[in-house]
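**Student:** here's a sequence, model it:
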Amino acid sequence: MRVKGLLPVLVAAASMAGTQGAFAAPVGDALQRPALQVRQPERSVLLSLARAGEPLLAVGERGVIVRSEDLGKTWKQVPSPVSVTLTMVRFADALHGVAVGHGGTVLTTQDGGRSWQLRLDGKQLAAVALREASDDLQRADAERLVADGPDKPFLDVLLWDARRMLAVGAYGLAFYSPDGGVTWQPWMSRLPNPRGMHWYVARRSGDSVLLAGEQGVLARSDDAGTTFQALESPYRGSWFSGDMQPGGQLTLAGLRGNLWQSQDAVKRWAAVPMPSPASIMASAQTPEGDLLLATQAGQVLRLQGAQVTPLNTVPLPSPAALLPLVQGQVLTVGVAGVVPVQSPAVAQGVRP
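**Tutor:** Here you go, the predicted structure:
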């Protein structure tokens with residue numbers, strides 16, 4: 001059951017593993033081996049997409065990192081210190097960013113994604129957890145991390161600014177850095193997640209933080225992560241994406257097309273009808289304040305209030321992330337690499 005809960009988020013990388021030998025080498029070796037240069041990096045399996053000011057960055061399978069300085073028209077691969085799959089990339093500003101992935105990997109950049117440094121891996125995080133353990137339960141959990149080796153992925157990362165970051169992932173992993181990745185603190189004991197459910201989603205609005213994941217697990221902090229409280233989920237399936245806006249509005253999206261909204265800081269939830277039961281794998285906010293959604297069936301949808309409108313008529317190949325650009329343009333990444341959304345409304349910058 002736990003394995004099935006993790007696979008949907010990693011479907012893009014897993015689908016290619018059998019044909020390309022993506023996971024033939026042990027993770028430990030891949031953590032020490034720089035990513036190979038590929039002929040068409042923008043056609044690699046890519047799982048996350050972000051802006052670093054004007055440039056765009058995408059990350060994915062086998063440690064590939066690609067960068068564009070012309071809004072996605074052309075891409076160049078930049079050096080990566082690891083060959084493990086990277087699952088998420090985010091930027092605090094035009095220069096400072098972080099990418100996380102398999103093997104407990106955390107990479108940081110201070111030059112807009114032109115170069116990356118390895119800041120944390122599974123062996124290091126296990127050693128940190130063991131050193132920081134303050135009771136027998138934490139010590140036992142840390143010893144299991146040491147024994148397991150670097151086999152657990154980070155799946156999302158939250159940035160407050162260029163220095164403060166929180167990486168979360170499989171089996172309840174949660175590690176915080178106050179100094180841009182130089183030092184780390186285990187945060188598992190702060191989170192109400194006694195069964196070690198996978199964290200798929202980390203979002204922030206001001207000092208409020210929302211974490212969501214496997215089997216409906218939800219946690220919220222209103223003091224910048226100092227303390228968290230468990231929330232009652234409106235759905236027991238897994239959450240794969242979401243959005244947190246000022247004023248308390250929350251949107252959660254996940255398994256089987258479940259899309260739920262709360263207008264009052266999770267006191268009440270309302271389901272949003274979807275055109276199909278396909279799992280919602282990614283979301284991104286437009287400059288106008290709408291929310292774009294990407295489904296496992298290749299749909300890209302715009303959420304305005306409680307109204308969902310399809311943007312594309314031809315399904316995309318397993319989109320894993322999406323990013324709104326200028327004049328209504330939208331880019332996605334997935335098993336086919338970088339793919340723009342093709343629809344008259346998007347191409348003309350027309351809001352449905």
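**Student:** ok, now which ones touch residue 89?
**Tutor:** Applying C-beta atoms under 8 Å, 6 or more residues apart in numbering to residue 89 gives the contacts 48, 49, 50, 57, 58, 59, 65, 97, 98, 99. For the C-beta atoms, the positions are set from N, CA and C on the backbone; glycine is no exception.
**Student:** tell me how far the first one lies from residue 66.
**Tutor:** By that I understand residue 48. 11 Å (C-beta to C-beta, to the nearest Å).
**Student:** ok, so of the contacts of residue 89, who is nearest residue 33?
**Tutor:** Within these, proximity to residue 33 (C-beta to C-beta) peaks at residue 65, which comes in at 14.4 Å.
**Student:** measure the closest one to residue 182 for me?
**Tutor:** Taking C-beta to C-beta as the measure, residue 65 falls 21 Å from residue 182.
**Student:** who has more neighbours out of the two?
**Tutor:** Comparing residue 65 with residue 182 by other C-beta atoms under 10 Å, the one with more neighbours is residue 65, at 28 against 11.
**Student:** just give me the neighbour total for the nearest residue to that one once chain neighbours are set aside.
**Tutor:** Distances taken as C-beta to C-beta, 6 or more residues apart in numbering place residue 80 nearest to residue 65, at 4.7 Å, with adjacent residues excluded. For residue 80, the neighbour count with other C-beta under 10 Å is 26.
**Student:** hang on, residue 80 packs against residue 116?
**Tutor:** Yes - under the criterion of C-beta atoms under 8 Å, residue 80 makes contact with residue 116 at 5.9 Å.
**Student:** anything in contact with each of these two?
**Tutor:** 65, 107.
**Student:** can you pull out the helices in the chain?
**Tutor:** 2-6, 11-20, 27-31, 122-132, 136-148, 344-347 (DSSP state H).
**Student:** weakest of these in terms of mean pLDDT?
**Tutor:** Among the helices of the chain, helix 11-20 carries the lowest mean pLDDT, a mean of 36.
**Student:** what about stretch 274-286, start to end distance?
**Tutor:** Its first and final residues considered, stretch 274-286 spans 19 Å by C-alpha to C-alpha, to the nearest Å.
**Student:** return the set of buried residues in that stretch.
**Tutor:** By neighbour count on 16 or more other C-beta atoms under 10 Å, the buried set for stretch 274-286 is 274, 278, 279, 280, 281, 282, 283, 284, 286.
**Student:** show me which of residue 48 and residue 66 is the more surrounded one.
**Tutor:** Set side by side, residue 48 and residue 66 show more neighbours around residue 66, with 27 against 24, by other C-beta under 10 Å.
**Student:** now the buried members of the contacts of residue 89.
**Tutor:** 48, 49, 50, 57, 58, 59, 65, 97, 98, 99.
**Student:** quick check: neighbours shared by residue 48 and residue 66?
**Tutor:** With C-beta under 8 Å, 6+ apart as the test, residue 48 and residue 66 both reach 58, 59.
**Student:** now do stretch 235-247, average pLDDT.
**Tutor:** 90.
**Student:** same question for stretch 160-174.
**Tutor:** On average, stretch 160-174 scores 97.
**Student:** circling back: restricted to strands, list the buried residues of stretch 274-286.
**Tutor:** Counted as lying in strands by DSSP state E, out of the buried residues of stretch 274-286, are 280, 281, 282, 283, 284.
**Student:** of these, closest to residue 34?
**Tutor:** residue 282 (27.6 Å).
**Student:** list the residues that contact the closest one.
**Tutor:** 240, 241, 293, 294, 319, 320, 321, 322.
**Student:** for residue 113, same thing?
**Tutor:** Contacts of residue 113 (C-beta under 8 Å, 6+ apart): 52, 55, 57, 65, 67, 78, 91, 97.
**Student:** residue 239 too?
**Tutor:** 200, 201, 212, 213, 216, 217, 218, 233, 252, 253, 254, 255.
**Student:** which two among these are spaced furthest apart?
**Tutor:** Maximum distance among those (C-beta to C-beta): 14.9 Å, for 217 and 253.
**Student:** so for those two, which sits in the more crowded spot?
**Tutor:** The residue with more neighbours, out of residue 217 and residue 253, is residue 253; 29 against 26, by other C-beta under 10 Å.
**Student:** how close does the residue nearest to that one when sequence neighbours are not counted sit to residue 327?
**Tutor:** Using C-beta to C-beta, 6+ apart and skipping the chain neighbours, the partner closest in space to residue 253 is residue 280 (3.7 Å). According to C-beta to C-beta, residue 280 stands 25 Å off from residue 327.
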